[in-house]
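Visitor: only geometry, no sequence info:
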């Protein structure tokens, strides 16, 4: 049996169309005939009638018709359906034969031409002897015919030609070769289609007429056969409703047959064919639920009909094909407009097809495991005289034998052996991978990520079994990311185990090391003895030795791999492998944590690196490097312990780089920040931990940022949500989950040790050169230098205030708008410890309003940090403001009251409380403190909450004191 024996026949899967043959056309040498043929077959649109055309010579020999059977009394059928029957009626026996002949009505040699045409028709009839195939004649003419009834000669000659050819008038057609050829061809097609339907209708009636001669005792197979033929002819007739009805009847009749080991394959084969037809027509009628229901019924009825136990893999292959075929039908229907959903799409059927293909593979592995000495039978019991079986689903060595008793057990045994040996040569993995690939494409289309991942794992495993390790690793790597992110550790472990085998068999060093690192870690669910074996292999690889083979690998593949590993050992090359751990879960965890979110520049920057090993045995690392965004700090954060490769698992009681499983190791670092980094953030960009040494092989685990791997974020979230009380640990140990990564810190300036005081005498008046005295005193223990003062209007305020405010160091000068609002970097000089200095500033404000002023003092000082002398720039910031109101003249500390020169003192006298609907006296007191008489205008704005009585606006001449009384 060939590997493709389970594929459905092409004639079963195609859409049945009426078969019409065209004779008398020379499509090679005659341009007119070629144009006619092209019009029939080229660029056929969907709206044209479903006809299959074929050009044949006039004397073509059609399949002979067997003599009609007059009685079925002693007839015993040899099978259900012959293998060539569908193809015969699709491509060999036409419903209509059309004879093309060039003949005009005014042909001078009419008699001779008429006789020749009749002869051609007679030849066709002779070749169709005994069949009901229709015959028609098409006259190819050069002129366009006149309307019916107007050309008397044409009518007479047409009648004569029909008599000569023994045709009815409906079987004679005229085809003018004009510019409208396609239009005439379409009209001809419609006429041909009617003739073809008549033929198939006749065939249906002919088959139905046989039923009255049948009995259910000996003719059960014929009931199925005839019902199938009626349905198939109905499809050719394009009567799909009746076709579906008859296929359903045929399906029920198939399952009424008595099943036995000798005929079970034939019953299942025919049941599969008819089920396929039913499902196809249901999808065609846009009733997908009926198709799904039929398919489920089909599977329920057939899944237990296994047949011979020695050939049970055939049943799995048959089941796989059923699911695959239905998936193909479902997918085809979707492409034609059917809407599928996430829970009901073709992917599930392809997945089930792959499952049965895998079962077939396992059964074949068990049943076909013959010794190498077992030879294929000769002669071949699977060969037939014609090369094909007579009936679908029968065994080649007992065709047509319907007895339930095996007449020749030895021949049966040889036939089964031949099938088993053939099955052993089937590449099952290719079949499985194709089906899984189809399923993955569907689940991807319908957004089912977990189903897609699950099937991709199976694809990877099949590639592994097929020894295509590169593709296996590619698929498994893709899926690992999903399983890590979702925490499916058991599944991840299984995938990693397969991936480790692939990398071993290909001698891929980096991949082998990476998978080993993860299988030793906390995400792995392997037992300790398995982890110990992997750890030992990993150390062997680091010592530039070959690892031991992985268990359950193919023996030949292992021998090939051992040669590859030997080559890896002998070849000189790069022995340092850097592996980024942010995308997987290694057996070492790392966290970096600065002691504080910020450090002053005169204080050492301190941080800790926490390491924790999850492998079964203690292990020694050789080097730890911390990298920063400023690479100049990298040199201060390195720990290196020299050791031999063989000492990785030895002498583990000493050294900082020895990690004991389950114990947290803390490594502390500190360094002095550079003064140019003040105001900047220092970040840990990576942590590198080296395992092994450069003399053998060295693996560098690289953590980005402050540590963490693919499982860290999920574990941190679980730890935060957990209410489980942590056990108490010794003082020198910490809980791993309590350590929070802090990978950055800020460098801030040194704390200044100076005092800044401001002295002034309010109020500040408009256009007055108002004096401010700034006092700076040093409290440092050493001399400070390059002291600078910045003072004036604080930036960021209203632009009008900036334009109307000027600052100068010289009070005798008259300021105009060319003077700045802020004086920057005024040099003051140096200050010794305890020394102080004063600086006078003058401010002129051109308008009344609120202003904010600042005073900023900076200086340099030498200091020593960790026995290293650095120059620190310190600064102190001091701000103050002023605000004006028309009646508030209270002088507040650090507040300037800007008043016009007219008003010097203003107060109000109010009672302590008031009563509703009673008058409340209010007295304003205005005092003129100048030596001049002032003309003052006072206006009062009442509130809606009060009734006002008194003068709202008054003008007074004040020489000393004035009073204004009013009531509300």
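Guide: Thanks, I have the structure now. What you are looking at is a predicted structure, and each value in this text was computed from that prediction instead of being measured.

Visitor: tell me if residue 579 really is in a strand.
Guide: Yes: checked against DSSP: H, G, I helix; E, B strand; the rest coil, residue 579 lies within a strand.

Visitor: that one touches residue 703, doesn't it?
Guide: No: counting by CB atoms under 8 Å, residue 579 does not reach residue 703; the two are 10.4 Å apart. Backbone N, C-alpha and C define where each C-beta goes, glycine included.

Visitor: more neighbours: which of the two?
Guide: The neighbour count for residue 579 versus residue 703, taken as other CB atoms under 10 Å, is higher for residue 703 (28 against 17).

Visitor: what about residue 491, neighbour count?
Guide: 18.

Visitor: where does it land on pLDDT?
Guide: Per-residue pLDDT puts residue 491 at 94.

Visitor: same question, residue 451
Guide: Looking at residue 451, the pLDDT reads 94.

Visitor: kindly report the same for residue 640.
Guide: Looking at residue 640, the pLDDT reads 88.

Visitor: that one pairs with what?
Guide: Beta-bridge pairing of residue 640, defined through DSSP bridges, involves residue 623.

Visitor: lowest-scoring secondary structure element of this protein by mean pLDDT?
Guide: strand 898-899 (a mean of 40; mean pLDDT, DSSP states H and E).

Visitor: now do the same contact list for residue 198.
Guide: residue 134 (CB atoms under 8 Å, 6 or more residues apart in numbering).

Visitor: and it, how far from residue 165?
Guide: 18 Å (CB to CB, to the nearest Å).

Visitor: got it, and residue 408?
Guide: Taking CB to CB, one finds residue 408 at 56 Å from residue 165.

Visitor: what about these two, which has more around it?
Guide: Neighbours were counted for residue 408 and for residue 165 using other CB under 10 Å; residue 165 has more, 24 against 12.

Visitor: surely the more buried one meets residue 136?
Guide: No: the pair residue 165 / residue 136 is not scored as a contact, 9.7 Å apart, by CB under 8 Å.

Visitor: what do those two both touch?
Guide: Common neighbours of residue 165 and residue 136 (CB under 8 Å, 6+ apart) are residue 172.

Visitor: I figured residue 582 was touching residue 710, is that so?
Guide: Yes: applying CB under 8 Å, one finds residue 582 in contact with residue 710, separated by 6.9 Å.

Visitor: which one's more surrounded, these two?
Guide: residue 710 (21 against 14).

Visitor: got the contact list for that one?
Guide: When the contact criterion is CB under 8 Å, 6+ apart, the partners of residue 710 are 481, 484, 485, 582, 583, 584, 585.

Visitor: now with 6 Å?
Guide: Residues near residue 710 by CB atoms under 6 Å, 6 or more residues apart in numbering: 484, 583, 584, 585.

Visitor: so how many other residues sit close to residue 583?
Guide: Other residues within reach of residue 583, judged by other CB under 10 Å, total 15.

Visitor: any idea which element the residue nearest to it when sequence neighbours are not counted lies in?
Guide: Among residues not flanking residue 583 along the chain, residue 710 sits closest, at 5.7 Å (CB to CB, 6 or more residues apart in numbering). Following DSSP states H and E, one finds residue 710 outside all helices and strands.

Visitor: residue 742 versus residue 710, what's the distance?
Guide: 21 Å.

Visitor: and for residue 293?
Guide: Remark: distance between residue 293 and residue 742 (CB to CB) = 62 Å.

Visitor: more crowded one of those two?
Guide: residue 742 (17 against 13).

Visitor: the one helix or strand residue 115 maps to: what's the following helix or strand?
Guide: Using DSSP H and E, residue 115 sits in helix 110-127. With elements assigned by DSSP H and E, the helix or strand that comes after helix 110-127 is strand 134-141.

Visitor: that next one to helix 110-127, inter-axis angle?
Guide: Per axes from the mean of the first three to the mean of the last three CA atoms, to 10 degrees, the angle that strand 134-141 makes with helix 110-127 is 150 degrees.

Visitor: surely residue 843 is in a strand?
Guide: Yes: counting by three-state DSSP, one finds residue 843 located in a strand.

Visitor: wait, it touches residue 807, no?
Guide: Yes: with contact defined as CB atoms under 6 Å, residue 843 reaches residue 807; the gap is 5.4 Å.

Visitor: and the two? Which one has more around it.
Guide: residue 843 (24 against 19).

Visitor: pLDDT value on the closest residue to that one other than its chain neighbours, please?
Guide: Nearest residue to residue 843, sequence neighbours excluded (CB to CB, 6+ apart): residue 770, at 4.8 Å. With respect to pLDDT, residue 770 scores 85.

Visitor: roughly how far does residue 770 sit from residue 761?
Guide: Distance from residue 770 to residue 761, by CB to CB: 9 Å.

Visitor: likewise residue 663?
Guide: 70 Å.

Visitor: now do residue 530, the pLDDT please.
Guide: If you check residue 530, the pLDDT there is 93.

Visitor: residue 909 now?
Guide: pLDDT at residue 909 comes out at 75.

Visitor: and if you look at residue 243?
Guide: 96.

Visitor: could you do residue 373 as well?
Guide: For residue 373, the model assigns a pLDDT of 85.

Visitor: what helix or strand does it sit in?
Guide: Counting by DSSP H and E, no helix or strand carries residue 373.

Visitor: can you give me the strands for the stretch 701-850 of the chain?
Guide: 744-748, 754-759, 764-765, 770-778, 784-793, 805-808, 822-831, 836-845 (DSSP state E, counting those that start in this stretch).

Visitor: got the contact list for the second one?
Guide: It refers to strand 754-759. With contact meaning CB under 6 Å, 6+ apart, strand 754-759 is reached by 773, 774, 775, 776, 777, 778, 857, 876, 878.

Visitor: many thanks, have a good one.
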